[in-house]
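Undergrad: would you be able to build a 3D model of this:
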Amino acid sequence: MRRARFVLPILGSTALLLLGANGVQASAQPDANEPRSTSALPKNLTPVDEIPVQQAAEEATRATAKYANSFGGAHWDAAAKVLYINLVQPKAKQADHRAELQSAIRDRVTSARLGVTTKFRSVPMSIDQQNALVSRFMDERAKWGGQAATKNIVGASVDEVTGRIFAGALTGTDALQAAARKHFGDIVDVQPTAAPQIQGRYNDFSPYSSGNALYLDQFWPRDVGMAQCTQGYNWLRHSDGLRYASMAGHCAEPGESVFHVSTSQRIGYVGTKYLNNNEYIDFEFIRMTVGAVSGTVWVGSPTTEDLRRVTSVDTGVLTGVTACSSGANGGLVCGLVRNRTAAVTFDGITTKQLTCVSNPTLTKSGDSGGPWLTTASDGTVRAWGQHLGKWNCAGDQAVDMVFSTVQNISARAGATLILG
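TA: Residues are numbered from 1 along each chain as shown. Below you'll find the model as predicted:
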């Protein structure tokens, strides 16, 4: 699958491996490029300090956890400096329910003392309903518009305030709009859009995919093959119900900003980090401040355009089978699993129950955090784990690649892997 980016005219709210003299690794090497930034979250972002805004939005999300069908998202109005909390228009019998929900949101945002003005507004549908409508619109293109729709409709979104569908078409906008309205009603607006730009690891856009190039230093070179770490799988965290990106725990410290390719493309910051002596994972969540995450993964070289869906999780990695890393710098590197219970020490911290994969070709610095996987005959991906670095697992002449399994990450971090 190749992902393309389209732009609608208008939308609604919208390191080198260290070897000893005998050729055996002298010390473990995590696959993170150095140096990296040690700066905490910036406090002078423009046009608005986005940190309290994001925190307020998250507080609102937590407050609506048991009212998922009533929450239509949060939208920051930079001009008015107001965070709008979107709530689904209530039915007559839901007035008390809505008042309770508003009170819960106000209490959480106020108690956090974030200094953000919040206002409520009614919207016609929840976030889940918006996503479902877009999915249906795109999935049924052949049904309502034939080949012309499948060829020319390249994307759609829902205006969160009005509930209207805005679709982008390469050609034939009038005819496609008429066809779409016969099927969905007059809530559809089809507008001309430029030919899509093909995306990749070093040129992604929201929703962000596993395997992306990540940077912790704004001034690090942005050339292909120079990523500082690789985006791991994306996760739904049980404790707060929020969706997170991820990478290896040795990549950065909590609070550090995380960038995609552009120095201005700050996608979020490091949240909870799991990297303690004698634990089972080397992992950290990336709390998104811009855009969303998806259950998709880049498979192939650093310049691949092959985007695939993650549809399953491996629950029992066996020795002797083939597994592949798909890192931002090393690309697709496959090998044979030869140890499933290795204990590896990086910088004095021992991580246990790691899987070791042997191959003369190794992953590269900057692949830390990236996905380990296999692909099925239909092209979909089975997730195995997330990359740490290199280690001599058997005490012989071979150097292995090691990763934390998805199962261990899920159990320790309390999260479910997002599927596509």
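Undergrad: every contact and neighbour count from this point should use C-alpha atoms.
TA: OK.
Undergrad: what residues go with each domain of the protein?
TA: Under the assignment named as automatic domain parsing, the residue ranges that make up the domains of the chain are 25-42+201-420, 50-123, 127-192.
Undergrad: highest mean neighbour count out of the ones you listed?
TA: Greatest average neighbour count among the domains of the chain goes to domain 25-42+201-420 (a mean of 21), per mean count of other CA atoms under 10 Å.
Undergrad: quick one: average pLDDT of it?
TA: Averaging pLDDT along domain 25-42+201-420 gives 85.
Undergrad: how far does it sit from the chain's center?
TA: For domain 25-42+201-420, the gap between its own C-alpha mean and the chain's C-alpha mean amounts to 12 Å (CA atoms, centre = their mean, to the nearest Å).
Undergrad: all numbers from here: first residue = 15
TA: Taking 15 as the first residue, the last one we looked at is domain 39-56+215-434.
Undergrad: who's in contact with L101?
TA: L101 sits next to 84-87, 134-137, 140 when contact means CA atoms under 8 Å, 6 or more residues apart in numbering.
Undergrad: show only the entries of these found in strands.
TA: Residues of these located in strands (DSSP state E): 85-87, 134-137.
Undergrad: okay if I get those residues as a markdown table plus distance to A193?
TA: Converted to a markdown table, the ones in strands among the contacts of L101 look like this (distance: CA to CA, whole Å):
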| residue | distance to A193 |
| --- | --- |
| F85 | 31 |
| G86 | 28 |
| G87 | 30 |
| F134 | 35 |
| R135 | 32 |
| S136 | 29 |
| V137 | 26 |
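Undergrad: and of those, the nearest to A227?
TA: For these, the closest approach to A227 (CA to CA) belongs to G87, at 27.9 Å.
Undergrad: looking at the contacts of L101, which two lie furthest apart in space?
TA: Of all pairs drawn from the contacts of L101, the one with the largest separation by CA to CA is F134 and S140; the distance is 13.9 Å.
Undergrad: quick one: which of the ones in strands among the contacts of L101 is nearest S315?
TA: Lowest distance from S315 to these (CA to CA) belongs to G87, with 36.1 Å.
Undergrad: bridge partners for the closest residue to that closest one other than its chain neighbours, pull those for me.
TA: Nearest residue to G87, sequence neighbours excluded (CA to CA, 6 or more residues apart in numbering): N100, at 5.4 Å. When assigned by DSSP bridges, N100 has beta-bridge partners R135.
Undergrad: please read off the pLDDT at N100 from the model.
TA: Here the pLDDT value assigned to N100 is 79.
Undergrad: doesn't G86 make contact with it?
TA: Yes - counting by CA atoms under 8 Å, G86 is a contact partner of N100 at 4.7 Å.
Undergrad: between the two, what contacts are shared?
TA: Each of V137 lies in contact with both N100 and G86 under the rule CA under 8 Å, 6+ apart.
Undergrad: which other helices and strands does the helix or strand that contains S223 contact?
TA: Taking DSSP states H and E as the criterion, the element that holds S223 is strand 222-224. Under the contact criterion of 3 or more CA pairs under 8 Å, 6 or more residues apart in numbering; DSSP states H and E, strand 222-224 touches strand 307-312.
Undergrad: given the strand it packs on, what are its sheet partners and their directions?
TA: Strand partners for strand 307-312, identified by DSSP bridges, are recorded as strand 222-224 (parallel), strand 321-327 (antiparallel).
Undergrad: neighbouring contacts of it?
TA: Outside of strand 307-312, the residues within contact range by CA under 8 Å, 6+ apart are 214-215, 220-226, 247-248, 257-259, 318-325, 340, 385, 432-434.
Undergrad: check stretch 281-292 too.
TA: For stretch 281-292, with CA under 8 Å, 6+ apart as the criterion, the contacting residues are 55, 263-264, 266-274, 295-305, 362-366, 427.
Undergrad: now, the residues you listed that are in helices?
TA: Filtering these for membership in helices, criterion DSSP state H, returns A427.
Undergrad: then T359 would be within a helix, right?
TA: No - counting by DSSP: H, G, I helix; E, B strand; the rest coil, one finds T359 to be strand, located in no helix.
Undergrad: wait, it sits on T365?
TA: Yes - with contacts defined as CA under 8 Å, T359 counts as touching T365 at a distance of 6.3 Å.
Undergrad: roughly how far apart are G160 and T207?
TA: Computed as CA to CA, to the nearest Å, the G160 to T207 distance reads 19 Å.
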